[in-house]
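Q: Need coordinates for the below:
(one chain, ligands or ions: 1)
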Amino acid sequence: MRNEWLKPAVFLLCLSPLMVLGWQLYAGLLGANPIDEVADSTGAWTLRFLLITLLATPLRRYFGWGWAIRMRRMLGLYAFFYATLHLLTYLWLDQFFDWGEIWLDVLDRPFITVGMLAFVLLLPLAATSNRYMVRRLGRGWKRLHRLAYVIPALGVLHFWWLVKADVLEPLVYGVLLAALLASRIQAGRRRRAGSAVREGCIS
Ligand code: HEM
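A: This next block holds a predicted model:
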């Protein structure tokens, strides 16, 4: 059964972190440095959505939850949406669109370099997430979308370099990403072993 309500419900749920943040900002609940809070929250939600998007395939594989795959594109686009807000917070509220300063910052601070690289890599994924591009790129689409693992890895590194000493939070994201990657590698091995057995039966 296709639950018609599921997509709009997930859509609103994904929007809720932004609504909460908007409310906190409006109500003056973000403390002495609201810009940092906005940057932190949008950055954290970017990373969370990148990981949640990767979770869709294991959810179908291990629990048979086909609906998770139907949400995958929207979740990925939400990761891009939060990343864009995160970048805009930095460019606008932190750097006031001073492109010279921004360029120096990208060159000087490795955590900014890595964050920027992660965002640049997100662009082709967002641009090719529609059905037309899936069909047009064929096998190349799958290869390109392997970046979906590289980008959160850069996100974890970006976070790690930012926090310096207290690495617990980025470590947790890193472990989750490693588990998702391990599950994908294992599924790939099983698939290859299965097709080798089938070919052996046929030949
Ligand atoms: C996919 C891309 C990105 C991801 C996943 C990401 C993720 C994160 C995370 C998780 C944090 C820390 C959140 C926390 O403390 O709870 C953060 C902070 C930050 N990010 Fe990113 N980020 C990305 C791209 C960028 C880009 C492109 C820039 C700017 C060029 C940037 C600039 C910053 C800054 C300045 C902070 C620190 C905010 C503060 O506390 O003052 N990030 N990011």
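Q: Run through the residues that contact the residue positioned nearest the centre of the chain.
A: In the chain, the centroid-proximal residue (Cα atoms, centre = their mean) is Leu50; its distance is 1.9 Å. The contact partners of Leu50, by Cβ atoms under 8 Å, 6 or more residues apart in numbering, come to Ala79, Ala148, Ile151, Pro152, Gly155. In short, each C-beta sits where N, CA and C put it, glycine included.
Q: any idea whether it is helix, strand or coil?
A: Under the three-state scheme (DSSP: H, G, I helix; E, B strand; the rest coil), Leu50 adopts helix.
Q: Please report the distance of it from the ligand.
A: 6 Å (Cβ to the nearest ligand atom, to the nearest Å).
Q: Check which residues of the helix ranked longest in the chain are buried.
A: Assignment by DSSP state H gives helix 168-202 as the longest helix of the chain. For helix 168-202, the buried set under the neighbour-count rule, 16 or more other Cβ atoms under 10 Å, comprises Pro170, Tyr173, Gly174, Leu176, Leu177, Leu180, Ser183, Arg184.
Q: The first one reaches Val163, doesn't it?
A: Spelled out, it's Pro170. Yes: between Pro170 and Val163 there is a contact under Cβ atoms under 8 Å: 6.3 Å.
Q: can you list the residues of the protein near the ligand?
A: Neighbours of the ligand within the chain, by Cβ under 6 Å from any ligand atom: 36, 39-40, 43-44, 46-47, 83, 86-87, 90, 112, 115-116, 118-119, 122, 151, 155, 158-159, 162.
Q: List only buried entries from these.
A: Counted by 16+ other Cβ under 10 Å, the residues of the chain next to the ligand give 39-40, 43-44, 46-47, 83, 86-87, 90, 112, 115-116, 118-119, 122, 151, 155, 158-159, 162 as buried.
Q: what about dumping the CA coordinates of stretch 128-140 to PDB?
A: Backbone C-alpha positions of stretch 128-140 (Å, rounded to 0.1, in the frame of the first residue of the first chain) are rendered in PDB as follows:
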ATOM      1  CA  THR A 128      21.500  15.000 -11.000                       C
ATOM      2  CA  SER A 129      19.000  13.900  -8.400                       C
ATOM      3  CA  ASN A 130      16.000  14.000 -10.800                       C
ATOM      4  CA  ARG A 131      14.700  11.100 -12.800                       C
ATOM      5  CA  TYR A 132      15.800  12.600 -16.100                       C
ATOM      6  CA  MET A 133      19.400  12.700 -15.100                       C
ATOM      7  CA  VAL A 134      19.300   9.200 -13.600                       C
ATOM      8  CA  ARG A 135      18.200   7.900 -17.000                       C
ATOM      9  CA  ARG A 136      20.600  10.100 -18.900                       C
ATOM     10  CA  LEU A 137      23.700   9.200 -16.900                       C
ATOM     11  CA  GLY A 138      22.900   5.500 -16.600                       C
ATOM     12  CA  ARG A 139      25.800   3.700 -14.900                       C
ATOM     13  CA  GLY A 140      27.700   6.900 -14.500                       C
END
